[in-house]
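Novice: 3D, please:
(2 chains)
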Amino acid sequence: MTESNRAQHSDAVTTAWQFTEQVPHGRDLGMQVVSVNGNQVCMRLTPQPWMFAEEDTKEICTSVLYSLADSAGGLAVFAGALELMPIATLDLRMDYLRPAIGDRALLAVATCRHLTDEVAFIHCDILSESDSALLATANATFMRNTQGQRFQAGGRKKEGA
Amino acid sequence: MSTTGDSAQPISGPTESGKECSDWQALLERIPYARHLGLEVQRDDVGLVVHMPCREALIGNFMLPALHGGVLGALIELTARVAAQSQDTDKRCPRILDSHINYLRSAQARSTFASAEIVRQGRRSSLVRVTCWQGDKRKPIASGQVQLLLPTMAAKEADLHEQ
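Specialist: Numbering: from 1, shown residues only, chains lettered A, B, ... in the order given. Presented below is the predicted three-dimensional model:
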């Protein structure tokens, strides 16, 4: 994976980027952060046969796209806010436009559309890497500054992802 | 599982309910990703329940720790799919069109359960509402609505022409 522009970012985005790549579920699915540009995040996932929705078709289970959108959306909150804080997904709506075929990598492009003190509104597109076909779209709302574990002195703790 | 229109029907006997349980399990086991998540069907006093045992790969925040939101998304979508498919007389395999999930409480790193309610089972589509909980069923941690499309002969022929 590319280390492209990780070094150019604020501490908050760099920490959130590292955190995203350490999330056990993200590691299990093999999610990688490709880039963070302004309020936009790009993540990538290479499908595996165990992610399929059926034995005989090579279609990837929609829930894998859902997880990718949730992770990319969470990171996009930090890209938009430039500040570390605990966050939590309030709701997420996915529309599955086309089946995702298992031999093509998935890209998630998540954008922080609007930010208030309490809430972040995120849009995410899931694309097929090879032909840029739009496979799914997501709209999510994240709560910011959720109660619970706060960042500790080292500045490494956050909630939700 | 409960079907909204069928609530007046008597609860089926143990043999029949056992069959329904194994039918659901068989449908789940055909889904590689459901096997990866370790989903299993159980029966509680109300109906069928899909159980997702906790393990490290499902964690979304290792500080708390808490389950990943996408893992709950998967539990809800796959429960909806199996509920819709088992309800279909031809056992057609549905395609998930969209899902909308609300997160109600934090999801701890522990066993999670999901139950489905068919809002409407049509000829071409099915709308399923799924509720997830952990320790206390009266305190749901997430609820979702999933819209599914059931394949028809016409759609299959159109697919063949496309390819």
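Novice: what does chain B put close to chain A?
Specialist: With Cβ under 8 Å from any Cβ of the partner chain as the criterion, chain B meets chain A at residues B:30-36, B:56-64, B:66-71, B:73-74, B:77-78, B:93, B:95-103, B:106. (Glycine included, C-beta is placed from N, CA and C.)
Novice: Weed out the non-buried ones from those.
Specialist: Neighbour counting with 16 or more other Cβ atoms under 10 Å in any protein chain shown marks B:31-34, B:36, B:57-61, B:63-64, B:66-71, B:73-74, B:77-78, B:93, B:95-101, B:103, B:106 as buried within those.
Novice: show me where pLDDT drops low in chain B?
Specialist: Along chain B, the parts satisfying pLDDT under 70 run over B:1-15, B:154-163.
Novice: What's the nearest residue in it when you look at chain A?
Specialist: Here chain B gets closest to chain A at one residue, B:Gly70, 2.6 Å apart by Cβ to the nearest Cβ.
Novice: is it true that that residue touches A:Gly73?
Specialist: No - using Cβ atoms under 8 Å, B:Gly70 is not in contact with A:Gly73; the gap is 10.0 Å.
Novice: Enumerate every residue touching the residue sitting nearest the centre point of chain B.
Specialist: A centroid search over chain B (Cα atoms, centre = their mean) returns B:Thr79, at 0.8 Å, as the residue closest to the centre. Contacts for B:Thr79 (Cβ atoms under 8 Å, 6 or more residues apart in numbering or on different chains) come out as B:50, B:114-116, B:128, B:130.
Novice: Just the ones of these in strands?
Specialist: Counting by DSSP state E, the part of those found in strands is B:50, B:114-116, B:128, B:130.
Novice: is any part of stretch A:53-70 close to chain B?
Specialist: Yes - counting by Cβ under 8 Å from any Cβ, chain B has neighbours in stretch A:53-70: A:53-55, A:61-64, A:66-70.
Novice: State the pair within those residues that is farthest apart.
Specialist: Spatially, the most separated pair among the residues of stretch A:53-70 next to chain B is A:Glu55 and A:Asp70, at 25.9 Å (Cβ to Cβ).
Novice: The two: which is more packed in?
Specialist: Each of A:Glu55 and A:Asp70 has its neighbours counted (other Cβ atoms under 10 Å in any protein chain shown); A:Asp70 has more, 32 against 11.
Novice: Would you agree that one is in contact with B:Gly70?
Specialist: Yes - counting by Cβ under 8 Å, A:Asp70 does reach B:Gly70; the two are 4.4 Å apart.
Novice: anything in contact with each of the two?
Specialist: Taking Cβ under 8 Å, 6+ apart as the contact rule, A:Asp70 and B:Gly70 both touch B:Gly60.
Novice: What helix or strand is B:Leu148 located in?
Specialist: Element membership for B:Leu148 (DSSP states H and E) is strand B:142-149.
Novice: Out of the buried ones among the residues of chain B next to chain A, which sit inside strands?
Specialist: Among these, the residues falling in strands (DSSP E) are B:59-61, B:66-67, B:95-101, B:103.
Novice: between these, which is nearest A:Arg144?
Specialist: The shortest approach to A:Arg144 among these belongs to B:Tyr103, at 14.2 Å (Cβ to Cβ).
Novice: can you pull the contacts of the closest one?
Specialist: If you count contacts by Cβ under 8 Å, 6+ apart, B:Tyr103 has them with A:88-92, B:69, B:72, B:141-142.
Novice: Need these in CSV (columns: distance to A:Gln22).
Specialist: CSV is the format used below for the contacts of B:Tyr103 (distance: Cβ to Cβ, whole Å):
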residue, distance to A:Gln22
A:Ala88, 18
A:Thr89, 18
A:Leu90, 23
A:Asp91, 25
A:Leu92, 21
B:Gly69, 16
B:Leu72, 20
B:Ile141, 23
B:Ala142, 24
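Novice: What is the nearest of the residues you listed to A:Arg144?
Specialist: Of all the contacts of B:Tyr103, the one sitting nearest A:Arg144 is A:Ala88; the distance, using Cβ to Cβ, is 8.7 Å.
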